[in-house]
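Q: Fold the following for me, if possible:
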Amino acid sequence: MSINKSVVRAIHILNLLSKNRELTLSELSDFLQIPVSSTSDILKALIEEQMIEIANTRAKTYKIGIKNHLFGNAYLANLNIVEIASPILDELADQTKYVVFLAKLFEDSVLYLHKSSPLSDAEFISSCQVGMKTNLTTSALGKAMLAHNEWLLEKLLRSPLPKQTEFSITSPAKLRAELEEIRTKNYARDMFENDERIACVGFPIYNQGGRVDHAISISGWFKETRNMEREIELGKKCAQNISFRLGYIGQ
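A: Have a look, this model is predicted:
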């Protein structure tokens, strides 16, 4: 299948202008490595369609246009996080052979929104189902979200922290220290805190504004041969992918 070079170049121009406040005709031509005349023709078409604008008539610079913002807002308004995340999480479950969850903050709890199980050779079958809730402070999902919601942490600390197992964190100071580490590493662990047989790793999902209201996790039986470092690497990539698709362009 042949690809229209002008369309591809126009997309490259939009991509360049989305990452730079303003660029000149010659700068764009240099980036694309095509003649100035060809670049100029594409810019005229993009201006006509309001995809880009002239930023400074004296400096002859260009910037991203209003129609791009309208398209972006329309995309974000029609987002459904379960639809976006489910194929990504299905693949993650197949890669790890463990159960993968998507959850959101719901009042003072974690609410399960989606569950992906591996198609074959499953290492773990979870009894948790979509619509169920769990604790914020004893789950990897909850801690991944709580680390980015200080206001909710302060609310929870007004009452004693729940103790599901002997490994649950009940000390406010210890919980604060762990949440600080989660913010630094960008993942959370639940090592037997909800169930003494189960270990989980959780990852925050960022929305367009950088807020964390959702998270994903990989959950399974703990055993010495389980490669949790690989799970962390794969989980981070999946969380970044979902966040990007939600409009997050941060680090």
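Q: Isn't Y187 up against E233?
A: No. Judged on CB atoms under 8 Å, Y187 makes no contact with E233 at a distance of 9.7 Å. In short, each C-beta sits where N, CA and C put it, glycine included.
Q: between those two, which one's more packed in?
A: Legend: neighbour count by other CB atoms under 10 Å for Y187 and E233, higher for Y187 (24 against 11).
Q: Could you check how far the more buried one is from K236?
A: 6 Å (CB to CB, to the nearest Å).
Q: same thing with G209?
A: With distances taken as CB to CB, G209 is found 21 Å from K236.
Q: Between those two, point out the one with more neighbours.
A: Neighbours were counted for G209 and for K236 using other CB under 10 Å; K236 has more, 16 against 9.
Q: so where does the more buried one fall, helix or strand?
A: helix 228-245 (DSSP states H and E).
Q: From the rest of the structure, what touches that helix?
A: Contacts of helix 228-245 with the rest of the structure, by CB atoms under 8 Å, 6 or more residues apart in numbering, involve 79, 81, 84-85, 88-89, 91-92, 95-96, 98, 186-187, 199, 201-207, 215-218.
Q: Any quick PyMOL command for the buried ones out of the residues you listed?
A: Entered in PyMOL, the line below selects the buried ones among the contacts of helix 228-245, by 16 or more other CB atoms under 10 Å:
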select buried, resi 81+84+85+88+89+92+95+96+98+186+187+199+201+202+203+204+205+206+207+215+216+217+218
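Q: related to what we said a few turns ago, and the helix holding K236, what's buried?
A: Neighbour count says helix 228-245 has 228, 231-232, 234-236, 238-243, 245 buried, by 16+ other CB under 10 Å.
Q: pLDDT averaged over that helix - what is it?
A: The average pLDDT for helix 228-245 rounds to 96.
Q: Might you calculate how far that helix sits from the centre of the chain?
A: With CA atoms, centre = their mean, to the nearest Å as the basis, helix 228-245 stands 8 Å off its chain's centre.
Q: ok and the lowest-mean-pLDDT helix or strand in the chain relative to helix 228-245, angle-wise?
A: The least trusted helix or strand in the chain, going by mean pLDDT, DSSP states H and E, turns out to be helix 66-77, with a mean of 76. Angle, helix 66-77 to helix 228-245, by axes from the mean of the first three to the mean of the last three CA atoms, to 10 degrees: 130 degrees.
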